[in-house]
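Q: model this:
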Amino acid sequence: MKSENTPFRGGPLDGRVLPVLLGPTGHPPKWYEVPVPDADGGPATVYAYRRAPAGYSKRLGLQRGWVYEYAPGGRERFTPKWPWTRPRSGS
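A: Below you'll find the predicted structure:
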């Protein structure tokens, strides 16, 4: 499997560069979760990082890779947006 050295921004991994496995499309996963065990033996704390573009080239505007940015709220829940469903009412 291929891996790519990917930088992390924010949170406990700020400034670190870790090798991240690439998927079949050649991109790293959209979310990267880091479980940190509790010192007292309690449940582990999970830090979530969201994939973001690292930047763009000046001349052609091509993307220059990926970075992971810290998401303090945790991983966002994915809900499919079907074209035939109505928006939910507030009641």
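Q: which strand is the longest one in this protein?
A: strand 45-53 (DSSP state E).
Q: what distance do you get for G11 to V34?
A: 8 Å (CB to CB, to the nearest Å). Bear in mind the C-beta positions are built from the backbone N, C-alpha and C, glycine included.
Q: identify the contacts common to the two.
A: 47, 49 (CB atoms under 8 Å, 6 or more residues apart in numbering).
Q: re the thing from before, and the following helix or strand past the longest strand of the chain, how far from the chain's centre?
A: Later in the chain than strand 45-53, the nearest helix or strand by DSSP states H and E is strand 66-71. Relative to its chain's centre, strand 66-71 lies at 5 Å (CA atoms, centre = their mean, to the nearest Å).
Q: now the angle between strand 45-53 and strand 66-71, please.
A: Orientation check (axes from the mean of the first three to the mean of the last three CA atoms, to 10 degrees): strand 66-71 against strand 45-53 gives 140 degrees.
Q: buried residues, strand 66-71. List them.
A: Using 16 or more other CB atoms under 10 Å as the test for burial, strand 66-71 gives 66-68, 70-71.
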